[in-house]
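> Kindly return the folded structure for what I paste below:
(one chain, ligands or ions: 2)
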Amino acid sequence: MPDQLSRDDVRRAPKVLLHDHLDGGLRPATVLELAAEIGHELPADTVEGLATWFAESSDSGSLERYLETFDHTVAVMQTAASLTRVARECVEDLAADGVVYAEVRWAPEQHVEGGLSLDHAVACVRDGFAEGMAAAEAAGTPIVVRQLLTAMRHQARSKEIAELAVSWRDDGVAGFDIAGAEAGHPPTRHLDAFEYLARENAHFTIHAGEAFGLPSIWQAIQWCGADRLGHGVRIVDDITVHEDGSVELGGLASYVRDNRIPLEMCPASNVQTGAAASIAEHPIGLLRDLRFRVTVNTDNRLMSRTSMTDEMWSLVEAFGYSAADLRWFTINAMKSAFLPFDARLAIIDGVVKPGYAALGA
Ligand SMILES: O=c1[nH]cnc2c1ncn2[C@H]1C[C@H](O)[C@@H](CO)O1
Ligand SMILES: [Zn+2]
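Ligands and ions are numbered 1, 2, ... in the order given. This is a model prediction of the structure:
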């Protein structure tokens, strides 16, 4: 494998994405077109102007402000046709970027203002993903994409959304998540949903340790039983690096590492919301050195003006990572996917390993 990676190597390398929001990844041109169709007023009227508006408005250092930008994307995703279109384009964009497996999350409860039922909305996204996967296959860039259904943590529909996720588990839905403002909305408010999912042998991840610290991570794992942590960056608050370079892990950090709990890290998003000061200072460097089960993700490609290639390339530049490091992140992610074990292995052995082997050839 080449030591000196180029950006094009990173683009060609097979990548696995576990944390990407459907309503955070629209093409700016699509937002413009869909908004024009329904008469929704946007803060800019050109593709570049809108792309810049999303990126700049999301760059405030506050998760709450960051989340306000979703008003515009959610507004244009209230019909069957728009949901299917956005889902299809999402898959096409990921595949063109070299993503070979993705779990894309969205909150069905936010897409029923136009009269869609929750089930119909999920079916529309399923259809869009299927169209996108077929188009990617035809373009020679095959990809497998699954939905994660998100419940909003400030609302009270999590049990209902958890039931929706279970009822669609054999038709493209791989798991469940909660998202939204973290401070003041602890995951334990949704305990009935998580207990239900556990009884159903279903998978779930929880956004935790992004805008709020260790108590949120502790609750997500020890009270709610999350399989993975969305972000989880604040786990570093339970790690002490001494002056002599020795490292001490607190009880929670040890638990997360010992149990190989996957961290869905999203560097660009974290810099925008203030969860990390810069990419170079992002805790991903330390956590990778300590061999936590770290994965690299985009979170919101529109708001962060990013892609999987951009995220990985920014880490190559900041930390000097090699192809072997990127392969390690990618296999970590594939091992942590909410797919059956044999399906995960098939992608690791059949796609990821050969793809990295071919990189230097
Ligand atoms: O990084 C995030 N933290 C918490 N909530 C988020 C983040 N990115 C997106 N969301 C919210 C806004 C979306 O409307 C919702 C469902 O995708 O999830
Ligand atoms: Zn997120």
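
> can you give me the strands for the stretch 51-200 of the chain?
In the stretch 51-200 of the chain, the segments counted as strands under DSSP state E, counting those that start in this stretch are 99-106, 144-152, 173-179.

> Go through those strands and name the closest to residue 10.
Closest of the strands of the stretch 51-200 of the chain to residue 10 is strand 99-106, at 11.8 Å (criterion: C-beta to C-beta). Heads up, the C-betas are built off the backbone N, CA and C, glycines and all.

> The closest one near ligand 1 anywhere?
Yes - interface with ligand 1: strand 99-106 contributes 105, 106 (C-beta under 6 Å from any ligand atom).

> returning to that earlier point: can I get the strands of the stretch 51-200 of the chain in TSV with mean pLDDT?
Below are the strands of the stretch 51-200 of the chain laid out as TSV (pLDDT from 0 to 100):
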stretch	mean pLDDT
strand 99-106	99
strand 144-152	98
strand 173-179	98
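
> Using JSON lines, lay out the ones you listed together with distance to residue 277 and mean neighbour count.
Below are those laid out as JSON lines (distance: least, C-beta to C-beta, whole Å; neighbours: other C-beta atoms under 10 Å):
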{"stretch": "strand 99-106", "distance to residue 277": "26", "mean neighbour count": "26"}
{"stretch": "strand 144-152", "distance to residue 277": "27", "mean neighbour count": "24"}
{"stretch": "strand 173-179", "distance to residue 277": "23", "mean neighbour count": "27"}
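
> Identify whichever of the ones you listed lies nearest to residue 29.
Here strand 99-106 is closest among the strands of the stretch 51-200 of the chain (C-beta to C-beta), at 19.4 Å.

> Return the alpha-carbon coordinates of the closest one using CSV.
Extracted in CSV, the C-alpha atoms of strand 99-106 (Å, rounded to 0.1, in the frame of the first residue of the first chain):
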residue,chain,number,x,y,z
VAL,A,99,-18.7,4.7,-0.6
VAL,A,100,-19.5,0.9,-0.8
TYR,A,101,-21.8,0.6,2.2
ALA,A,102,-23.8,3.3,3.9
GLU,A,103,-26.4,3.6,6.7
VAL,A,104,-28.3,6.8,6.1
ARG,A,105,-30.6,8.2,8.8
TRP,A,106,-33.5,10.5,8.8
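
> in stretch 21-38, what counts as buried?
Under the neighbour-count criterion of 16 or more other C-beta atoms under 10 Å, stretch 21-38 has 21-28, 30-32, 34-35 buried.

> taking the mean pLDDT, what do you get for that stretch?
Taken as a whole, stretch 21-38 has a mean pLDDT of 98.

> Which one of the strands of the stretch 51-200 of the chain lies nearest to residue 267?
strand 99-106 (16.3 Å).

> Partner strands of that closest one, with direction?
As defined by DSSP bridges, the strand partners of strand 99-106 come to strand 15-21 (parallel), strand 144-152 (parallel).

> how about a markdown table for those strands, with distance to residue 94 added?
Below are these laid out as a markdown table (distance: least, C-beta to C-beta, whole Å):
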| stretch | distance to residue 94 |
| --- | --- |
| strand 15-21 | 7 |
| strand 144-152 | 7 |
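
> So which of those strands is nearest residue 70?
Minimum separation from residue 70 across these (C-beta to C-beta) falls at strand 15-21, 8.2 Å.

> which ones are touching the residue of the stretch 151-300 of the chain found nearest ligand 1?
Closest contact between the stretch 151-300 of the chain and ligand 1, by C-beta to the nearest ligand atom, is at residue 179 (3.4 Å). Applying C-beta atoms under 8 Å, 6 or more residues apart in numbering, we find residue 179 in contact with 21, 105, 107, 150, 151, 152, 153, 207, 230.

> can you check residue 252 too?
The contact partners of residue 252, taken as C-beta under 8 Å, 6+ apart, are 214, 217, 218, 221, 235, 238.

> which phi and psi does the first one have?
Going back to what we said before, that points to residue 214. phi -60, psi -40 (degrees, to the nearest 10).
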